[in-house]
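# What follows is a predicted structure for the sequence shown.
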Amino acid sequence: MSLVAPEVDINIGSFHPGFLDTPDVEVLPLGGTPDARNSLFVRVQKPEDGGPRANLRKRFGTLLKNLSAMSSGRSVDGLIAWPREVGTEELIAVCNGTAYRWDHVSAFVALTGGAFTPGAVVTHLPFKNQLFLMDGHVTYRYDGTNLKAPGLTAPATAPGLAAGPVSGVTGTYEGYVVWYDSVMDHESSPSETATAVVFADTQRRWTIPTGTPPSTADYWRIYARRTDTSENSFFRAGTIPIGQTQYDEAIVDAARRDRGPTDNENDVPPAFAFAEEFKGYRLGFRRDSSDMYVSKALDPESQHPRDVFPIGGKGDTKPVRSCRKYGDGECLVRKPTRTYRLVGDRVPFKILQIKGSLGGVSQYSGTEVEDWWYDWDEIKGPYRTNTITWEPLADHRITRILATLNRQALAAVQCEHHKTLNLIIWKIPVGGTTRCRMLLKYHTGLQRWLDPDTGFEYTALSQFTTQSGDYGVYFGDEWGRVYELYRGEIDGVPSGTHTATVTGATSSTVTAAAAAFVTTGNGLAGMPALVLSPAGAEQWVRVASNTATVLTLDVANGPQLGPVPSGAGWTVIVGAIDWYWWTSVLTGGESMRGKSAGWFWISAGLTAAAHVLKVACRLNRASTILATYDLTFEADGLVWGVGEWGDTWGEGGPTHERKRRMPQSFMLAQFRLSNFYPDQPVEVSRFRLTADWLRRRVPRSASA
């Protein structure tokens with residue numbers, strides 16, 4: 001019988017709508033998805049380039065950088081890329097209280113001179129080709145060699161002052177001494193003032209104050225004042241090497257031009273949780289404090305007790321969570337749900353709340369991209385702003401993920417911009433744990449959410465460019481390891497066995513007698529693994545330690561195996577990527593009209609004919625998958641159902657098209673694309689479903 005429309009093509013030629021925030025699955029546009037994990041968009045075209053459109057692929061893998069953990073089983077509390085003003089860019093990591101420097105090969109080398117608090121987030125501030133590292137309990141200055149305590153404590157006693165052996169000055173003088181660090185051009189606050197002495201054409205003989213000078217002080221400086229002429233200020237009379245304990249001078253009054261510091265002007269600053277530089281000042285913030293500590297101009301190691309300013313006043317006593325520069329000369333100070341702007345060029349700055357503002361939950365929860373600031377508000381979650389427009393980015397589907405956040409651990413939220421992939425990436429703690437086991441990705445070019453990334457435990461994020469100019473985004477984990485995001489096709493496994501047959505197991509161990517798992521350094525500690533049953537049921541676990549044939553699982557922070565593998569046919573895959581993409585519901589524009597399926601077509605690019613794309617089918621909102629097909633794509637040639645199909649919309653090499661007969665009747669159809677095997681890249685450019693309209697009746701298979 002001839003129907004009005006004998007065949008309907010339901011086509012998807014681009015996946016760019018992404019992980020959509022829409023009210024319900026039936027109104028997802030073609031290419032959008034209500035559920036997916038570990039995907040990326042590639043071959044992206046923006047609207048101005050003929051798009052928007054994008055191909056879909058399993059995300060790239062993660063490359064392990066250090067086979068030997070900095071400290072086994074301990075979190076990486078800070079990961080800092082330091083693009084030095086002079087010298088090679090360095091990657092600094094802090095783990096279990098120790099700071100390390102990446103050797104640009106395969107290991108992190110411990111730095112000497114200081115200890116941090118294990119578990120406390122370490123932040124940084126570059127200033128004068130030095131790197132200040134702080135965790136809220138301690139602060140250190142890294143000079144490219146080792147760690148040093150910042151600031152100089154004032155001399156404990158007054159200097160000695162007496163008449164010298166030869167002729168010199170006439171008048172009554174008193175004076176004090178400061179310690180001086182010539183590398184940082186930093187002085188301490190003054191010592192007590194020496195008792196005034198009357199001089200009658202003699203030198204002034206100064207003796208260094210008693211006590212041990214600070215280790216970073218390489219000079220002591222003398223400041224003198226004439227009291228018989230009521231001189232108001234102290235002026236410099238000498239700069240002496242720290243090893244010289246006595247100094248004779250007779251500098252006349254007119255030659256003493258450099259004014260000395262006042263009492264407490266250069267006090268050692270307290271330990272900050274984070275800091276920022278603005279207009280040449282260091283702005284410091286203590287743990288859970290609403291006060292801003294402002295340094296002396298061009299001197300981050302000084303702190304006068306009076307230069308402390310409240311942010312928000314009596315109406316807002318919540319602690320400050322971040323202070324970051326933005327745009328052309330702005331500095332924004334954020335509390336969990338509010339943002340303030342600093343106005344002025346010098347102390348005291350005006351502190352103004354921005355109208356309609358959202359806030360920030362940590363020092364690194366935000367970043368600037370193309371004149372927009374992206375950040376994370378305590379209540380609204382992710383948003384972007386140009387300080388005039390404030391746009392919350394999370395809606396329906398992302399909000400569902402946010403509902404699983406551990407709101408007691410929002411300080412762990414951190415953001416980084418992957419420049420080459422145009423991604424804003426947030427690490428977030430979900431599922432009641434303080435550990436961040438999920439990355440949320442927002443594509444700035446398409447202005448779309450991508451699905452979340454999982455697989456690791458992310459403790460710190462940082463952009464870094466190697467000595468050879470290779471750019472990437474790196475992360476530290478809970479196991480003393482550092483990885484590079486989106487590098488290669490395997491999650492962390494450097495070599496050795498990836499896929500093995502299970503020969504024995506308990507609830508917390510997996511044995512594969514024929515395997516040769518990596519055991520160098522800390523082996524597979526912290527890496528994901530998939531235990532696959534003969535029927536294809538998946539159990540995702542994490543390795544705590546291993547031998548060449550046995551994996552011991554992290555059941556203290558993750559699930560046990562259940563059911564425990566028994567019998568033949570079980571497989572374990574280390575470095576597997578839990579990748580899948582559920583399509584939107586396909587209706588052909590007639591969501592209540594029955595259709596008889598014809599063919600499911602899919603165009604994809606794979607690197608080997610043996611690589612598999614799994615396609616699962618679900619009809620009419622069924623709670624279970626109706627059928628699953630393992631599709632392979634031949635490298636070339638034409639056979640029934642398989643063919644080579646030109647370029648991927650004008651870019652790259654040929655894709656390969658495969659079709660599969662779909663004889664079922666349906667009203668609503670949905671497909672799940674997946675492939676978790678390591679080293680099997682999959683890129684999908686298009687798929688379509690053909691169907692014939694049925695008479696206007698509900699097919700029996702569609703009644704569910």
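Received the coordinates, thanks.
# Phi first, then psi, for D630.
Backbone torsions of D630, given as degrees, to the nearest 10, read phi -100, psi 110.
# Report the beta-bridge partners for the nearest residue to it once chain neighbours are set aside.
In space, and not counting its chain neighbours, D630 is closest to V612: 5.0 Å by C-beta to C-beta, 6 or more residues apart in numbering. Glycine gets a C-beta too; all of them are placed from N, C-alpha and C. In this entry, V612 is beta-bridged to T632, by DSSP bridges.
# Roughly how far does V612 sit from V684?
Per C-beta to C-beta, to the nearest Å, V612 is found 13 Å from V684.
# Among those two, which residue is more densely surrounded?
V684 (23 against 18; other C-beta atoms under 10 Å).
# Now do the buried residues in the helix or strand that one falls within.
Using DSSP states H and E, V684 sits within strand 682-693. Buried positions in strand 682-693, judged by neighbour count with 16 or more other C-beta atoms under 10 Å: V682, E683, V684, S685, R686, F687, R688, L689, T690, A691, W693.
# which residues touch the fifth one?
Under the criterion of C-beta atoms under 8 Å, 6 or more residues apart in numbering, the neighbours of R686 are N11, I12, G13, S14, W601, I602, S603.
# Equivalent analysis for the first one, please.
Counting by C-beta under 8 Å, 6+ apart, V682 makes contact with R57, K58, W579, A604, G605, L606, H611, L613, L673, N675.
# Just give me the neighbour total for the fifth one.
Think G605. Neighbour tally, G605, other C-beta under 10 Å: 20.
# Which residue comes closest to it once chain neighbours are left out?
Nearest residue to G605, sequence neighbours excluded (C-beta to C-beta, 6+ apart): E683, at 4.3 Å.
# What segments of the chain are helices?
396-402 (DSSP state H).
# What is the neighbour count of the closest residue to Y142 other than its chain neighbours?
Once flanking residues are discounted, Y142 sits nearest to L131: 4.4 Å by C-beta to C-beta, 6+ apart. Using other C-beta under 10 Å, L131 has 21 other residues around it.
# ditto for the one 3 residues further on
For M134, the count of nearby residues is 29 (other C-beta under 10 Å).
# my guess is it meets V122, correct?
Yes - the pair M134 / V122 is scored as a contact, 7.1 Å apart, by C-beta atoms under 8 Å.
# which residues does A548 contact?
By C-beta under 8 Å, 6+ apart, the contact set of A548 is A515, A516, F517, T519.
# Reformat those residues as TSV; add distance to P559.
Supplementary listing: the contacts of A548 in TSV, determined by distance: C-beta to C-beta, whole Å:
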residue	distance to P559
A515	22
A516	26
F517	21
T519	24
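# picking up where we left off before, farthest pair in the contacts of V682?
Distances among these were taken as C-beta to C-beta; the most separated pair is W579 and G605, at 15.0 Å.
# What is the neighbour count of L393?
A count of nearby residues for L393, using other C-beta under 10 Å, gives 18.
# Quick one: residues contacting it.
Shown in contact with L393 (C-beta under 8 Å, 6+ apart): Y374, G381, P382, Y383, R384, Y442, W449.
# Mind checking which of the residues you listed land in strands?
Those of the contacts of L393 mapping onto strands are Y374, G381, P382, Y383, R384, Y442, W449, per DSSP state E.
# gap between the spatially closest residue to the third one that is not a sequence neighbour and K427?
In space, not counting the residues next to it along the chain, P382 is nearest to L393; the distance is 4.4 Å by C-beta to C-beta, 6+ apart. Spatial separation of L393 from K427 under the definition C-beta to C-beta is 16 Å.
# One more: V183?
36 Å.
# Give the buried residues for stretch 590-607.
For stretch 590-607, by 16+ other C-beta under 10 Å, it's 593-598, 600-606.
# Stretch 224-235 now?
Buried, per 16+ other C-beta under 10 Å, within stretch 224-235: A224, R225, R226, E231, F234, F235.
# nearest to E538, of the residues you listed?
Nearest to E538, judged by C-beta to C-beta, of these is F234 at 74.5 Å.
# give me every residue that touches the residue nearest to the spatial centre of the chain.
Here the mean C-alpha position of the chain is nearest to the C-alpha of L461 (C-alpha atoms, centre = their mean), at a distance of 2.5 Å. Neighbouring residues of L461 by C-beta under 8 Å, 6+ apart: L79, Y364, Q414, C415, E416, I425, K427, V473, Y474, F475.
# So which of those sit within strands?
L79, Q414, C415, E416, I425, K427, V473, Y474, F475.
# From those residues, keep the buried residues only.
Counted by 16+ other C-beta under 10 Å, the ones in strands among the contacts of L461 give L79, Q414, C415, E416, I425, K427, V473, Y474, F475 as buried.
# so the fifth one bridges to which residues?
To tie it back to what came earlier, the one meant is I425. Going by DSSP bridges, I425 forms beta bridges with E416, K441.
# what's the distance between it and V413?
11 Å.
# Same check on N386?
In terms of C-beta to C-beta, N386 sits 21 Å off from V413.
# which outside residues touch stretch 341-353?
278-279, 281, 283, 292, 294, 297, 307, 309, 311-312, 316, 330-333, 338-340, 354, 387.
# Try it again at 6 Å.
Identification of contacts with stretch 341-353 by C-beta atoms under 6 Å, 6 or more residues apart in numbering yields K279, V294, I311, C331, L332, Y340, I354.
# Return the set of buried residues in stretch 372-383.
Under the neighbour-count criterion of 16+ other C-beta under 10 Å, stretch 372-383 has W372, W373, Y374, D375, W376, D377, E378, K380, G381, P382, Y383 buried.
# Leaving out the residues flanking it, which one is nearest to F464?
The nearest residue in space to F464 (C-beta to C-beta, 6+ apart) is A81, at 4.2 Å.
# Please give me every residue in contact with that neighbour.
So A81 contacts L91, S462, Q463, F464 (C-beta under 6 Å, 6+ apart).
# what residue ranges in the stretch 1-150 of the chain score low on pLDDT?
Low-confidence segments of the stretch 1-150 of the chain, defined by pLDDT under 70: 1-6, 21-26.
# All the strands of it, in order from the start?
For the stretch 1-150 of the chain, the strands defined by DSSP state E, counting those that start in this stretch occupy 8-12, 35-37, 39-45, 53-58, 62-64, 76-82, 90-95, 98-102, 108-110, 123-127, 130-134, 139-142, 147-148.
# pLDDT score for H656?
H656 carries a pLDDT value of 77.
# Pairing partners for it in the sheet, please.
As for beta bridges, H656 partners with A604, E644 under DSSP bridges.
# residues near it, how many?
By other C-beta under 10 Å, neighbour count at H656 equals 21.
# That one contacts F633, doesn't it?
Yes - here H656 lies in contact with F633, judged by C-beta atoms under 6 Å, at a distance of 4.0 Å.
# distance of Y458 from G78?
Applying C-beta to C-beta to Y458 and G78 gives a distance of 13 Å.
# Skip the chain neighbours and tell me the closest residue to D377.
Using C-beta to C-beta, 6+ apart, the closest residue to D377 is L358 (3.9 Å).
# Need phi/psi at that neighbour.
phi -110, psi 180.
# what about P155, how many neighbours?
P155: 24 neighbours (other C-beta under 10 Å).
# right, and it touches P209 too?
Yes - counting by C-beta under 6 Å, P155 touches P209, with 3.9 Å between them.
# list residues touching both of the two?
V177, S191.
# just to revisit the earlier point, the residue nearest to G605 pairs with what?
Using DSSP bridges, the bridge partners assigned to E683 are R57, G605.
# how about low-confidence regions in the stretch 501-650 of the chain?
634-650.
# So which of the strands of the stretch 1-150 of the chain is nearest G488?
Short answer: strand 62-64, nearest of these by C-beta to C-beta, at 5.4 Å.
# and that closest one, how far from the chain's centre?
Mean-position distance between strand 62-64 and its chain equals 15 Å (C-alpha atoms, centre = their mean, to the nearest Å).
# Report all helices and strands that that strand contacts.
With contacts taken as 3 or more C-beta pairs under 6 Å, 6 or more residues apart in numbering; DSSP states H and E, strand 62-64 sits against strand 482-485.
# and S290, how many neighbours?
18.
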